[in-house]
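# Test case, fold it:
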Amino acid sequence: MIAFIFTVLLLIATIGGLFTFFEICILRLFFKMENSKYIKLLKILEITVIIISCISFISIEILIVFLSLIYFIVLIYDFYRKKVDIKSISSELTDYQVTHAEKSDSVMVWVGKQNALNNKTLTPLKISYNADGKEDTISVSYKTNEKDELTLANNKGGQLPPEKDFVITANMALKEINPALWALKSDSINQKFEARISEKNPKEIIISSDFKAGKKYSLSIPKGGVQGYYFQNPKAYIFNFEADKAENYGSLTLKLTNQPKSYFWIQLIDSEGNIKYSQYTDKNEIRFTSLDPATYYARILADDNGNKYWDKANFSEQKFAEEAFVFEKKLEVRKLWEIVENWVLK
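Got it, this is the predicted structure:
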């Protein structure tokens with residue numbers, strides 16, 4: 001009898017585990033839901049359905065509908081609670097766009113070409129905002145800058161590291177691009193490529209192609225090939241660069257012991273405190289390739305709650321910051337060097 005009960009419990013646990021796995025895959029692939037708290041909430045509601053259906057006479061269909069409604073109400077409330085709402089109170093400001101990066105404490109307001117604002121004197125404006133349930137108004141002043149235009153630049157240099165994409169940076173957030181008008185050439189021969197606006201930085205354009213080490217490339221973008229909210233590039237651009245050879249770079253492998261149980265960021269920071277390389281992973285062995293020769297410091301930031309953001313301490317909510325670790329040694333990366341370091345996290 002005991003063996004039978006144990007077998008049944010094991011079977012239920014196995015089926016439940018497989019169901020949970022496919023459930024998480026569906027939530028993350030189709031609903032783009034990465035935050036683990038929503039998945040945990042869903043599991044709690046499922047368990048509640050099972051328990052209540054076993055000890056009460058409530059219809060299982062009614063129960064499922066009711067708890068599903070609760071789940072989606074929580075999702076909608078959480079979405080709007082985090083949404084930053086910006087509105088113009090001034091009649092002079094009617095045509096504008098707002099961009100806001102998640103978790104950022106700033107917003108960008110992109111202003112259109114209204115006649116009321118097209119002057120060289122400062123125009124006082126009032127803007128209201130609603131952020132995380134906090135409402136207020138602010139006063140700002142705006143003056144038209146006749147020299148404003150959308151510009152593009154290659155801030156990464158003329159040498160493209162192996163297995164990397166080519167990146168172009170604009171001076172303002174981009175709305176759309178038209179790569180069909182562009183041309184990528186090597187030895188005067190057109191080469192296939194893909195271009196997209198970066199999901200992480202709306203000012204960056206990422207160009208992917210089969211770049212061959214030692215070959216030179218030329219990317220041409222015609223006038224109007226890149227669109228901002230109210231501007232387009234007023235002139236054509238040509239970016240010349242070369243795919244660099246692997247022998248000019250080093251690599252680093254970090255083998256972790258006592259790694260965080262959750263996903264985490266492992267970052268390489270230069271001597272000026274800039275994050276040069278970063279990976280988001282849950283592996284215990286991480287390899288960085290095509291590293292510029294330099295001195296680096298390694299850091300790990302744990303993503304304990306799975307929201308893909310390293311949460312700092314919050315005194316008002318009495319929450320500690322998520323875990324952080326710093327490797328005790330400097331990492332000297334040189335050309336052709338392959339460095340392997342063991343890191344025991346304490």
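
# my read is residue 247 is in a helix, agree?
Yes: secondary structure of residue 247 (DSSP: H, G, I helix; E, B strand; the rest coil): part of a helix.

# State the distance from it to residue 211.
Using CB to CB, to the nearest Å, one obtains 16 Å as the distance from residue 247 to residue 211. Where you see a C-beta, it was placed from the backbone N, CA and C, and this is true even at glycine.

# Looking at these two, which is more packed in?
The residue with the greater number of neighbours, taking residue 247 and residue 211 and applying other CB atoms under 10 Å, is residue 211; the counts read 23 against 10.

# The more buried one contacts residue 241, doesn't it?
No: here residue 211 does not reach residue 241: they are 9.1 Å apart, not a contact under CB atoms under 8 Å.

# got the contact list for residue 106?
For residue 106, the contacting residues are residue 100, taking CB atoms under 8 Å, 6 or more residues apart in numbering as the criterion.

# Check whether it sits in a helix, strand or coil.
Secondary structure assignment for residue 106 (three-state DSSP): coil.

# Let me know the pLDDT of it.
In this prediction, residue 106 carries a pLDDT score of 83.

# who touches both of residue 211 and residue 241?
When contacts are counted by CB under 8 Å, 6+ apart, residue 211 and residue 241 have 160, 166, 217 as shared neighbours.

# For the residue lying closest to the second one once chain neighbours are set aside, give its distance to residue 283.
Computed as CB to CB, 6 or more residues apart in numbering, the closest residue to residue 166 that is not its neighbour in sequence is residue 207, at 4.3 Å. Applying CB to CB, one obtains 28 Å for the distance of residue 207 from residue 283.

# Counting neighbours, go ahead and name the busier of the two.
Neighbours were counted for residue 207 and for residue 283 using other CB under 10 Å; residue 207 has more, 20 against 14.

# Distance-wise, check that one relative to residue 184.
Separation of residue 207 from residue 184 (CB to CB) stands at 7 Å.

# any residues in contact with both of the two?
Each of 193, 219 lies in contact with both residue 207 and residue 184 under the rule CB under 8 Å, 6+ apart.

# what's the nearest residue to residue 231 if we skip its chain neighbours?
The shortest distance from residue 231 to any residue other than its chain neighbours is 4.0 Å, reached at residue 150 (CB to CB, 6+ apart).

# wouldn't the one you found be in contact with residue 226 here?
Yes: contact criterion CB under 8 Å: residue 150 and residue 226 qualify, at 6.5 Å.

# Of the two, which one has the most company?
Just comparing residue 150 and residue 226: by other CB under 10 Å the higher neighbour count belongs to residue 226, 27 against 19.

# Show me what that one is bridged to.
On the basis of DSSP bridges, residue 226 is bridged to residue 177.

# Give me the below-cutoff pLDDT ranges for the stretch 1-150 of the chain.
Across the stretch 1-150 of the chain, residues meeting the criterion (pLDDT under 70) sit at 1-83, 113-120, 133.

# Quickly note the distance from residue 320 to residue 311.
Going from residue 320 to residue 311 by CB to CB gives 9 Å.

# more crowded one of those two?
Neighbour comparison, residue 320 and residue 311: the larger count goes to residue 311, with 16 against 10 (by other CB under 10 Å).

# ok, and the closest non-adjacent residue to residue 131?
residue 84 (4.6 Å).

# who touches residue 140 in this structure?
Taking CB under 8 Å, 6+ apart as the definition of contact, the neighbours of residue 140 are 124-127.

# what do you get for residue 218?
Shown here is residue 218, whose contacts under the criterion CB under 8 Å, 6+ apart are 184-186, 238-240.

# just checking, residue 180 is part of a strand?
No: following the definition three-state DSSP, residue 180 is helix and is not counted among the residues of a strand.
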